[in-house]
Structures are given as structure tokens and as C-alpha cells.
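Asker: Following is a predicted model, sequence given first.
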Amino acid sequence: MKLKKFGTTEQRIYELVRPIVTGMDYTLWDVRYEKEGASWYLRIFIDTPDGYVDISDCERVTAPVSDLLDETDPIDQSYILEVSSAGLEADLVRENHFEASIGLEVRVRSIRPFEDGSREVIGVLQSWDKTQLTLSCRDGEHTYPMESLAFVKLFFDFDN
């Protein structure tokens with residue numbers, strides 16, 4: 001798994017909107033500028049300390065962010081702005097995501113099966129660097145090379 005880096009537009013937008021988002025007591029989780037079909041989407045993902053973002057939070061952030069983007073016009077082409085929650089099972093794709101998730105439960109999927117034949121494991125993220133991550137699982141601590149992972153996501157147990 002390679003960590004995602006901001007593109008130039010994403011980095012510019014991240015730096016532009018972060019003061020607004022953090023000033024409203026949200027965390028700016030991610031910014032993605034993506035083309036889908038004929039349309040471009042500017043997606044801004046927010047989070048809260050308790051991890052619960054609802055539609056009113058997204059609406060609250062959308063208005064001032066939209067106003068700022070209209071005023072500064074940092075993107076030359078037309079796009080669709082979306083502000084949404086990072087989600088209960090947010091993807092960890094950037095360095096700051098891993099740092100913010102130390103001590104939290106995550107779900108890891110491997111590209112190839114682990115020694116026991118499984119491809120997924122759930123555990124508490126103990127540490128990480130660009131080459132590996134360490135989880136505390138029911139059967140002990142395990143370290144996994146980042147290059148062998150398909151994804152790492154926050155884990156939420158919907159059954160409990």
C-alpha cells in the first residue's frame with residue numbers, strides 16, 4: 001500500500017479550507033479532486049473528535065467553504081463541491097491519518113493471504129511508519145509490511 005500524496009490542486013485546497021474547517025471545531029480529514037465521467041468533483045472530508053458527522057455538520061461547513069472557493073477561485077475549471085464525513089470506517093491513506101489513528105481499532109486487508117490463510121485482520125494500531133505497521137490483536141502483536149497491504153481502515157463494529 002502506498003500512501004497517497006496530495007496533488008497540487010488538493011494541497012492548495014487543503015491549505016485554503018483548513019482554517020475554516022478547524023475554526024468550526026472539525027478536523028479536515030482529506031481533500032480529493034477527482035474526475036468521474038465528464039465531471040470533476042472536489043470532495044472535502046471532515047471529522048469530529050467523537051467521530052460522528054451528520055448532514056447538518058456537512059451543510060454547516062459547505063456554506064463558508066463554498067463562499068471562500070467562489071471568492072478565491074483556485075480551480076480553473078468547473079467542479080462539483082461535496083462536503084462529507086470521513087466515515088466510521090475511514091480509509092487511512094495519508095500520513096496524518098495513521099498518526100491520528102494510533103490507539104484506534106483498524107481493519108487491514110492484505111494483497112495476499114497471511115500465514116493463517118486469512119486476508120483481513122482487525123487490531124489496535126500501535127505504531128506505523130512508511131514501511132510497516134504494528135497491530136495489537138487478540139493473539140498478540142503483529143507487524144505487517146505496508147507494501148503487502150491492500151488497505152487500512154478505521155474499524156467500527158456494527159454488530160455491537
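Answerer: Alright, I've got the coordinates. It should be emphasised that the depicted structure is a prediction, and the values quoted were computed from it without experimental measurement.

Asker: List the buried residues in the helix ranked longest in the chain.
Answerer: For the chain, the longest helix by residue count, based on DSSP state H, is helix 55-72. For helix 55-72, burial by neighbour count (16 or more other C-beta atoms under 10 Å) applies to Asp57, Cys58, Val61, Thr62, Val65, Leu69. For glycine as for every other residue, the C-beta is placed from the backbone atoms N, C-alpha and C.

Asker: And the helices in this protein, which stretches?
Answerer: 8-23, 55-72, 95-100.

Asker: Same list (these) but as CSV, adding distance to Tyr144.
Answerer: Putting the helices of the chain into CSV (distance: least, C-beta to C-beta, whole Å) gives the following:
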stretch, distance to Tyr144
helix 8-23, 27
helix 55-72, 33
helix 95-100, 13
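
Asker: Show me where this protein has its strands.
Answerer: With DSSP state E applied, the chain shows strands at 27-36, 39-47, 80-85, 105-110, 120-128, 132-137, 140-145, 149-154, listed in chain order.

Asker: Tell me which of the ones you listed sits nearest to Phe98.
Answerer: Across the strands of the chain, the minimum distance to Phe98, taken as C-beta to C-beta, is reached by strand 120-128, at 4.7 Å.

Asker: Need the mean per-residue confidence for that closest one.
Answerer: Average pLDDT, strand 120-128: 97.

Asker: cool, stretch 83-101 as well?
Answerer: The pLDDT scores in stretch 83-101 average 92.

Asker: Got the domain ranges for this structure?
Answerer: The record's domain parsing of the chain by automatic domain parsing lists 8-85, 95-154.

Asker: roughly how far is the last one from the heart of the chain?
Answerer: Looking back up the chat, that one is domain 95-154. Taking the mean of its C-alpha atoms, domain 95-154 sits 15 Å from the chain's own mean (C-alpha atoms, centre = their mean, to the nearest Å).

Asker: got a list of what Ser84 touches?
Answerer: Ser84 sits next to Arg43, Ile44, Phe45, Ile46, Val53, Cys58 when contact means C-beta atoms under 8 Å, 6 or more residues apart in numbering.
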